[in-house]
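>>> please find the sequence and the predicted model below.
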Amino acid sequence: MSFPTRRLRRLRISEKMRELVQETRLSSRDFICPIFIQEGLKTRQKIESMPGIERLPVDEVVDEVGTISDLNIPAVMIFGLPSKKDDVGSSSFDENGIVQKTISEIRKNYGEKMVIMADVCLCQYTLAGHCGLVKDKKIDNDSSIETLTKIALSQAKAGVDVVSPSAMMDGQVFAIRLGLDDAGYSDVLIMSHSAKHYSSFYSPFRDAAECAPKFGDRKSYQVPYTNPREAIREIEADIKEGTDIVMIKPALAYLDVIAETKRRFNVPLSAYSVSGEYALVKAAANQGWIQENDVALEILYAIKRAGADMMVTYFAKSAAKMLENL
Ligand code: PBG
């Protein structure tokens, strides 16, 4: 008698059968596409450590969002590179700042057809390059959250849908929610970088956005990668403070934190597959050591499988083309 049990291979018998029993699905609708906009730029500029990603002048943004929208990607995340930095990051909350202009251009041209998200942080805008303001050589929490609130408000005025604070200051979500509500922007969502880890995977982004700290490091505000329990407490705090969506960052080395967050909380969950994750794949593929598209999809599926409802990824456009057969 042959053994009748557990012939799992029956589930893999044909392409269609495999499609039918597929447990994790990924589509371009899961993606948030990052966009870097640089003030004063005339033409698109390549970012060396992130092949395929460019910094754009503001006049190019409408075209770029058109391409993203044609790929059925529902959201963009705006990062700005201002032409002037100072001690207090004034250009971050300027009504005519680079991010504010970009947001209003997209809003004017796409209305509700694209979800506009914007990074709320200080590091690109201050001389010190830290995510908060510096006082006596330390990062000062409470003055920082006042400025972060001003940034969020200026973005709301420009027409943003979602503000995404990434400074990891305590109380930033609460302060921003209060500020938005008081000014009549109760419809603007917050997607906080709730558990943003102290990570070496950010270095290509720091090249791209010129935001490396000029002294010290970010250890006094970002979560240590050894501390998943502390990451969960950050997420818990942000939910209590009123975030609409939580985010875990980076993604690939933090799948355990994503899975645990999904298990514990009933809140939309986002993950940020950061610049270093992208650069690793690009560099190895460039050497001919791995297949870029296959590896990229495997990573993005893993992030989804771990529990992310959506993800910020530099592969958004290329993965969308593969998934949608475009
Ligand atoms: C700045 C910011 C960083 C990233 C997004 N926002 C860098 C940092 O904290 O140093 C990293 C994104 C990436 O690496 O793709 N607050």
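Ah, there it is. Numbers count the residues shown, from 1 in each chain.

>>> quick one: pLDDT of the closest residue in space to residue 45 that isn't next to it in sequence?
Ranked by Cβ to Cβ, 6 or more residues apart in numbering and with sequence neighbours excluded, the top spatial neighbour of residue 45 is residue 55, at 4.7 Å. Quick note: C-beta positions are derived from backbone N, CA and C, even for glycine. pLDDT recorded at residue 55 is 97.

>>> quick check, the helix or strand encompassing residue 55 touching the ligand?
Secondary structure assignment for residue 55, by DSSP states H and E: strand 54-56. No: on the criterion Cβ under 6 Å from any ligand atom, strand 54-56 is out of touch with the ligand, staying 13.5 Å away.

>>> mind listing residues that contact that strand?
35, 36, 37, 38, 41, 44, 45, 46, 47, 64, 81, 208 (Cβ atoms under 8 Å, 6 or more residues apart in numbering).

>>> for those, give me JSON lines that also has distance to the ligand and secondary structure.
Output for these, formatted as JSON lines (distance: Cβ to the nearest ligand atom, whole Å; DSSP: H, G, I helix; E, B strand; the rest coil):
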{"residue": "35", "distance to the ligand": "12", "secondary structure": "strand"}
{"residue": "36", "distance to the ligand": "10", "secondary structure": "strand"}
{"residue": "37", "distance to the ligand": "14", "secondary structure": "strand"}
{"residue": "38", "distance to the ligand": "15", "secondary structure": "strand"}
{"residue": "41", "distance to the ligand": "19", "secondary structure": "coil"}
{"residue": "44", "distance to the ligand": "19", "secondary structure": "coil"}
{"residue": "45", "distance to the ligand": "17", "secondary structure": "strand"}
{"residue": "46", "distance to the ligand": "16", "secondary structure": "strand"}
{"residue": "47", "distance to the ligand": "11", "secondary structure": "coil"}
{"residue": "64", "distance to the ligand": "17", "secondary structure": "helix"}
{"residue": "81", "distance to the ligand": "12", "secondary structure": "strand"}
{"residue": "208", "distance to the ligand": "8", "secondary structure": "helix"}
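
>>> which of the residues you listed are buried? Put it as a ChimeraX command.
Filtering the contacts of strand 54-56 down to the buried ones (16 or more other Cβ atoms under 10 Å) takes a single ChimeraX command:
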select :35,36,37,38,41,47,64,81,208
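
>>> hang on, the earlier thing: so the residue nearest to residue 45 bridges to which residues?
With DSSP bridges applied, residue 55 shows beta-bridge pairing to residue 36, residue 45.

>>> any idea how far the ligand is from it?
Distance of residue 55 to the ligand, given as Cβ to the nearest ligand atom, to the nearest Å: 14 Å.

>>> quick revisit: off-centre distance for the strand holding residue 55?
Once both centres are worked out by Cα atoms, centre = their mean, to the nearest Å, strand 54-56 turns out to sit 16 Å from its chain's centre.

>>> so the host helix or strand of residue 144, near the ligand or not?
Element membership of residue 144, judged by DSSP H and E, is helix 141-158. No: between helix 141-158 and the ligand, judged by Cβ under 6 Å from any ligand atom, nothing touches; the nearest distance is 10.8 Å.

>>> who touches that helix?
Contact with helix 141-158 is made by 88-89, 92-95, 97, 99-101, 103-104, 107, 118, 120-122, 131-133, 135, 163, 165, 167, 169-172, 175-176, 178-180, 183, 185, 188, 190, as judged by Cβ under 8 Å, 6+ apart.

>>> mind exporting that helix as PDB, just the C-alpha atoms?
Extracted in PDB, the C-alpha atoms of helix 141-158 (Å, rounded to 0.1, in the frame of the first residue of the first chain):
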ATOM      1  CA  ASN A 141      13.000  66.900  22.600                       C
ATOM      2  CA  ASP A 142      10.400  69.500  23.400                       C
ATOM      3  CA  SER A 143      11.500  72.300  21.200                       C
ATOM      4  CA  SER A 144      11.900  69.800  18.400                       C
ATOM      5  CA  ILE A 145       8.300  68.600  18.600                       C
ATOM      6  CA  GLU A 146       7.100  72.300  18.300                       C
ATOM      7  CA  THR A 147       9.000  72.600  15.100                       C
ATOM      8  CA  LEU A 148       7.900  69.300  13.800                       C
ATOM      9  CA  THR A 149       4.300  70.400  14.400                       C
ATOM     10  CA  LYS A 150       5.000  73.600  12.400                       C
ATOM     11  CA  ILE A 151       6.300  71.400   9.500                       C
ATOM     12  CA  ALA A 152       3.200  69.200   9.600                       C
ATOM     13  CA  LEU A 153       1.000  72.300   9.600                       C
ATOM     14  CA  SER A 154       2.700  73.900   6.600                       C
ATOM     15  CA  GLN A 155       2.400  70.600   4.700                       C
ATOM     16  CA  ALA A 156      -1.300  70.300   5.600                       C
ATOM     17  CA  LYS A 157      -1.800  73.900   4.300                       C
ATOM     18  CA  ALA A 158      -0.200  72.800   1.000                       C
END
